[in-house]
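In: got a sequence here, can you model it:
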Amino acid sequence: MEVEEFNSSNISYDTSKTLDGGFGIVRYSFWWKNFSVINSSNIYIGDAFLDEMVISSATALIIKMPNGYEVQNATPEFDKRDGNRLIWEPSYQNFSKGEPYLVLSPVDSINITAVEAPEDEPSPWPAIIIIIAIIILISIVFVIIWRRKRSANVENETGQLTENEAPLPAPADLNEEFLGYEDMIEKFLIKSGGQAFQSDIVKESGLSKSKISIVLAQMKEEGRVLKVRKGKENIIRLVKKIEPQN
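Out: Residues are numbered from 1 along each chain as shown. Model prediction:
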């Protein structure tokens with residue numbers, strides 16, 4: 001930095017005196033060349049102050065910024081601001097070497113930086129809600145399929161009751177209806193060559209699996225039929241009647 005040569009174009013002054021004429025005041029100003037450094041559109045101020053600067057209690061330091069610039073950094077922080085003027089009042093009587101230090105940036109650069117700032121990350125809640133909804137839907141489908149399979153298994157087990165599992169009606173319950181079912185089953189077995197699958201008897205009779213199981217259990221108890229297990233099916237065989245010899 002350097003001070004330009006003093007001449008009539010770069011220095012001005014005025015004088016005044018007190019009312020009693022006890023002392024006078026001289027005010028002067030001049031231009032200071034290379035007062036700041038410009039780098040990448042930023043203006044840096046501070047290296048011009050090589051020595052500590054002292055401000056008396058009756059003075060203040062004022063730095064006027066050029067139009068179109070804004071403060072990015074100020075050390076120490078100025079006391080107040082009046083438009084483009086940054087003011088340090090007498091509270092800072094001593095500045096360290098290189099102070100005050102300022103960094104000024106173009107207003108357009110500040111705005112661009114603000115626009116290009118990373119946006120806030122989107123909230124994860126919508127994705128979490130969708131995942132929870134999918135899990136609930138899959139659970140509902142699984143429960144429906146499980147219930148259907150369970151119902152089918154129970155129905156098959158009911159139609160495949162063994163003689164120990166099939167409830168036997170009391171003799172008093174053997175009415176004409178059950179006797180009619182026995183005759184019908186016996187005729188179907190004769191028609192089928194003496195034996196048939198229990199499932200075919202159910203289809204032919206039109207009765208429920210449980211009712212046919214009860215009737216067959218009673219017929220087996222009476223010795224009229226035999227039950228033979230074949231895989232998952234029961235084969236019902238008609239017992240041949242032995243005619244007494246004369």
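In: domain assignment for this protein?
Out: Domain assignment of the chain by automatic domain parsing yields the ranges 35-115, 141-246.
In: which one of these lies nearest to residue 24?
Out: Taking Cβ to Cβ, domain 35-115 is the member of those nearest to residue 24, at 16.1 Å. To be clear about C-beta, it is placed using only N, CA and C from the backbone, and glycine gets the same treatment.
In: related to what we said a few turns ago, now tabulate the domains of the chain in a markdown table and tack on distance to residue 128 and mean neighbour count.
Out: As requested, the domains of the chain are arranged in a markdown table below (distance: least, Cβ to Cβ, whole Å; neighbours: other Cβ atoms under 10 Å):
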| stretch | distance to residue 128 | mean neighbour count |
| --- | --- | --- |
| domain 35-115 | 31 | 14 |
| domain 141-246 | 21 | 13 |
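In: tell me which of these sits nearest to residue 135.
Out: With Cβ to Cβ as the criterion, residue 135 lies closest to domain 141-246 of the domains of the chain, at 10.5 Å.
In: averaged pLDDT, the closest one. What do you get?
Out: Domain 141-246 carries an average pLDDT of 78.
In: kindly report the same for stretch 70-78.
Out: The model assigns stretch 70-78 a mean pLDDT of 85.
In: now render the domains of the chain as TSV, adding distance to residue 131.
Out: Shown next, in TSV, are the domains of the chain (distance: least, Cβ to Cβ, whole Å):
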stretch	distance to residue 131
domain 35-115	34
domain 141-246	16
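In: out of these, flag the one nearest residue 129.
Out: Residue 129 lies closest, by Cβ to Cβ, to one member of the domains of the chain: domain 141-246, at 19.1 Å.
In: tell me which stretches of the chain form helices.
Out: 107-115, 125-159, 176-191, 198-205, 209-221 (DSSP state H).
In: could you export the last one as CSV, CA atoms only?
Out: Written as CSV, here are the backbone C-alpha positions of helix 209-221 (Å, rounded to 0.1, in the frame of the first residue of the first chain):
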residue,chain,number,x,y,z
LYS,A,209,-69.1,-87.9,5.2
SER,A,210,-69.8,-87.9,9.0
LYS,A,211,-73.2,-89.6,8.6
ILE,A,212,-71.8,-92.3,6.2
SER,A,213,-69.0,-92.9,8.7
ILE,A,214,-71.5,-93.5,11.5
VAL,A,215,-73.6,-95.9,9.3
LEU,A,216,-70.5,-97.9,8.2
ALA,A,217,-69.3,-98.1,11.8
GLN,A,218,-72.6,-99.6,12.8
MET,A,219,-72.5,-102.1,9.9
LYS,A,220,-69.0,-103.1,10.8
GLU,A,221,-70.1,-103.6,14.4
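In: show me what it is packed against.
Out: On a contact count with 3 or more Cβ pairs under 8 Å, 6 or more residues apart in numbering; DSSP states H and E, helix 209-221 meets helix 125-159, helix 176-191, helix 198-205, strand 225-230.
In: mind putting the ones you listed into CSV with distance to residue 216?
Out: CSV is the format used below for these (distance: least, Cβ to Cβ, whole Å):
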stretch, distance to residue 216
helix 125-159, 11
helix 176-191, 7
helix 198-205, 7
strand 225-230, 6
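In: for residue 94, find the nearest of those.
Out: helix 125-159 (55.5 Å).
In: by contact count, what packs against that closest one?
Out: If contacts are counted by 3+ Cβ pairs under 8 Å, 6+ apart, helix 125-159 sits against helix 198-205, helix 209-221.
In: of all the helices and strands packed on helix 209-221, which one comes closest to residue 14?
Out: Closest to residue 14 of the helices and strands packed on helix 209-221 is helix 125-159 (Cβ to Cβ; 70.1 Å).
In: and that closest one with helix 198-205, angle?
Out: Helix 125-159 runs at 80 degrees relative to helix 198-205, counting by axes from the mean of the first three to the mean of the last three Cα atoms, to 10 degrees.
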